[in-house]
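In: Got a predicted structure plus its sequence, pasted below:
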Amino acid sequence: MDPFGNDSTDLRELTIEKNNTDNKSPLWKRLLMFFIILGLWVVIVVVIIITVYIPEREQDEKEDNKEEDNKKEENIEKYGVINSIFDIDDISKEYSLLGEEFNQTNIDIFINNEKINSTNYKFTKKGENSVIYKLYEKELSMDNMFKDISNLIKVEMNSEKNISITSMISSFENCKDLRQFSIKGFLTNSLKSMKKLFYNSHINNISITNFDTKNVEDMSYMFAYTDFDNFDFNEKATYINTENVKTMSHMFYGCENLQRIDISSFKTSNVVNMSGMFRGCISISELDLSNLNINLVEDISFMFYDMQSLKELKIDKFNTENVKNMSNMFSYNEKITELDLSNFTTDNVEDMSYMFSYCTNLKTLKISNFKTGNVKDMSGMFNKCYNIKSLDLSSFNTSNVLSMNSMFNQCYELRELNLESFVTEKCSDFEDMFGDLTRIRITVEYRDDCQNMISTIPKELIKRKKDN
């Protein structure tokens, strides 16, 4: 105890507590010191990266670039270079190639939705309206390559060394300004499909000298909606080997400017589909297909559909024994006046719907040998044949026909009709079978068990020949 009566132990504890309080630093001072030390460590790490890591990375990149350059040079030596010049209306604009925008110097190419290494494809400006297309590859698929580039005018593809083209599906589809195409120095013997190659491109000049198409199987829609006025496939520049082609469906569909075509050089012994082949060729007035082999063809539907100017058609040597579909084959041939189909073999045909529909000036039709035992659809077969006066249907077997809808609709000149061969037990659709003939008195011969057919028109307008 001290002289004043206080406990000395308590004083010592208070002194120690006060000293401890005086030695403790404020919180803000301790935080400041922490951030200063952290900053020093960051500076040290940055210095290490700048002085050690970056130079090593740059060296690695140089080595990679050198390796890539060596590989490219090796490709040039091994495969050659394609210099393909194509013109564009306004090179300063951006265009779309398979959905990717590009300008005159950079491009990303997608083939079959897969992006191709941009180092293999180079686009560089050349003059006002063209670019050079270079490729370092051994094989080239041109599927959809230039599709929808509406400003493409001209394509010249020249290879210094043989490069194989494997496919050309829709390569120039919808290139609406394309006018010229030439290709040289490529291997095309592996090519299987040229489907829609120039579809809707309005091209009118091609040069495919030494273009080997012997293994092509699909030429459907190949020249559809192009602007050719003359096709002569006997000429060297446009010769096409078709010996293995299986489908020529709509090959020349919509070639509205085409006036003359010579395909006598075509080898078609393996073709099974010629549907719509000349559909919409509205400017052709004469067509000679007397040398066309259709022995294996199963589908010739719409083959001559809407050939509005056609007056003369030579198909007298057609072998149609394997054909199953003749639907709309001659529909909308408004100028043709005579058709002799007496050579046709129709035993396997299942569909004859609208076969002669809208042949408005057709006067003579020879089909007396038609065998129709397998036909299921005869709807609209002679629909709106306004000027036809007689039909010999004595060979018709209709026992399997399900529809005769509009079959003789608006055949205004028809006065007599022998339907004694018709069996209509399976047929359930006779709507408008004699449509608009109800205002004409027509003499019809028919079987007693075909009342379901005859009942479609008023009895007083039908004069049965046997009743005379």
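Out: It's in.

In: pLDDT (mean, whole number) over stretch 329-343?
Out: Per-residue pLDDT values over stretch 329-343 give a mean of 96.

In: And the contacts of that stretch?
Out: Outside of stretch 329-343, the residues within contact range by C-beta atoms under 8 Å, 6 or more residues apart in numbering are 285, 300-313, 315-318, 354-370. In short, each C-beta sits where N, CA and C put it, glycine included.

In: Just the buried ones from the residues you listed, in ChimeraX syntax?
Out: In ChimeraX, a selection of the buried entries from the contacts of stretch 329-343 looks like this (16 or more other C-beta atoms under 10 Å):
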select :300,301,302,303,304,305,306,307,308,310,313,315,318,354,355,356,357,358,359,360,362,363,365,367,370
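
In: low-confidence ranges in the stretch 1-150 of the chain?
Out: 1-25, 49, 52-138 (pLDDT under 70).

In: what's the burial count for the closest residue to E217 other than its chain neighbours?
Out: Nearest in space to E217, with sequence neighbours left out and distances taken as C-beta to C-beta, 6 or more residues apart in numbering, is K246 at 4.8 Å. K246 has 16 neighbouring residues, counting by other C-beta atoms under 10 Å.

In: show me the residues around K246 that make contact.
Out: By C-beta under 8 Å, 6+ apart, the neighbours of K246 are 217-218, 270-273.

In: So which residues of the protein form helices?
Out: 8-23, 27-48, 54-79, 451-454 (DSSP state H).

In: May I see the buried residues of the shortest one?
Out: If you call a residue buried by 16+ other C-beta under 10 Å, then helix 451-454 has these buried ones: 453-454.

In: By neighbour count, which of the contacts of K246 wins?
Out: So for the contacts of K246 (other C-beta under 10 Å), the most neighbours sit at V271, 28 neighbours.

In: Per-residue pLDDT of that one, please?
Out: The model's pLDDT for V271 equals 98.

In: I figured it hits I294, correct?
Out: Yes - applying C-beta atoms under 8 Å, one finds V271 in contact with I294, separated by 7.0 Å.

In: Tell me how far the residue nearest to N400 when sequence neighbours are not counted lies from N325.
Out: Distances taken as C-beta to C-beta, 6+ apart place K376 nearest to N400, at 5.7 Å, with adjacent residues excluded. Counting by C-beta to C-beta, to the nearest Å, the gap from K376 to N325 is 11 Å.

In: So V216 is in contact with T242, correct?
Out: Yes - look at V216 against T242 with C-beta under 8 Å: they come within range, at 7.5 Å.

In: neighbour count winner among the two?
Out: V216 (27 against 22).

In: Report the contact partners of the more buried one.
Out: V216 neighbours (C-beta under 8 Å, 6+ apart): 191-194, 241-242, 244-245.

In: That one and T188, how far apart?
Out: For V216 relative to T188 (C-beta to C-beta), the value is 8 Å.

In: likewise V349?
Out: 37 Å.

In: for F344, same thing?
Out: Distance from F344 to T188, by C-beta to C-beta: 37 Å.

In: Ok, Q259 next?
Out: Applying C-beta to C-beta to Q259 and T188 gives a distance of 29 Å.

In: more crowded one of those two?
Out: Comparing Q259 with T188 by other C-beta under 10 Å, the one with more neighbours is T188, at 21 against 15.

In: Which pLDDT does the model give K466?
Out: So K466 comes in at 54 (pLDDT).

In: burial count for the closest residue to N234 other than its chain neighbours?
Out: Leaving aside its chain neighbours, N234 sits nearest to S265 (4.9 Å; criterion: C-beta to C-beta, 6+ apart). By other C-beta under 10 Å, the residues close to S265 number 15.

In: if I pick S265, what's in contact with it?
Out: Contacts of S265 (C-beta under 8 Å, 6+ apart): 233-234, 239.

In: now, which of these sits nearest N405?
Out: Nearest to N405 among the contacts of S265: F233, at 40.1 Å, using C-beta to C-beta.

In: confidence score at that closest one?
Out: With respect to pLDDT, F233 has a value of 81.

In: Distance check, it against Y239.
Out: 6 Å.

In: Can you verify my assumption that V349 contacts N325?
Out: Yes - in this structure, V349 is within contact of N325 by C-beta under 8 Å, at 7.3 Å.

In: Of the two, give the one with the bigger neighbour count.
Out: V349 (26 against 22).

In: Would you mind measuring from the more buried one to K376?
Out: Taken as C-beta to C-beta, the span from V349 to K376 is 10 Å.

In: Also N293?
Out: In terms of C-beta to C-beta, N293 sits 27 Å off from K376.

In: Likewise for T188?
Out: Counting by C-beta to C-beta - T188 and K376 are separated by 42 Å.

In: Which parts of the protein belong to which domain?
Out: Following automatic domain parsing, one finds the domains of the chain at 9-72, 81-182, 213-319, 333-468.

In: Where does pLDDT dip in the stretch 151-300 of the chain?
Out: 151, 156, 158-162, 209-210, 236-238.

In: rerun that using 80 as the cut-off
Out: 151-163, 177, 179-186, 204-211, 234-239 (pLDDT under 80).

In: Tell me where it has strands.
Out: 152-167, 180-187, 205-207, 230-232, 260-262, 286-288 (DSSP state E, counting those that start in this stretch).

In: Which of the residues in the fifth one are classified as buried?
Out: Neighbour-count burial for strand 260-262, with 16+ other C-beta under 10 Å as criterion, is recorded at I261.

In: contacts for it?
Out: So strand 260-262 is contacted by 229-234, 252, 278, 281, 284, 287 (C-beta under 8 Å, 6+ apart).

In: The fourth one now?
Out: The set of residues that contact strand 230-232 without belonging to it, under C-beta under 8 Å, 6+ apart, is 223, 238, 252, 258-263.

In: Pairing partners for that strand, with directions?
Out: As defined by DSSP bridges, the strand partners of strand 230-232 come to strand 260-262 (parallel).

In: so what's in contact with K376 and N325 at the same time?
Out: 350-351.

In: Which of the contacts of stretch 329-343 fall within strands?
Out: Counting by DSSP state E, these place 312-313, 364-366 in strands.

In: Dump the residues you listed into a markdown table; add pLDDT as well.
Out: Shown next, in a markdown table, are these (pLDDT from 0 to 100):
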| residue | pLDDT |
| --- | --- |
| E312 | 95 |
| L313 | 96 |
| T364 | 94 |
| L365 | 95 |
| K366 | 95 |
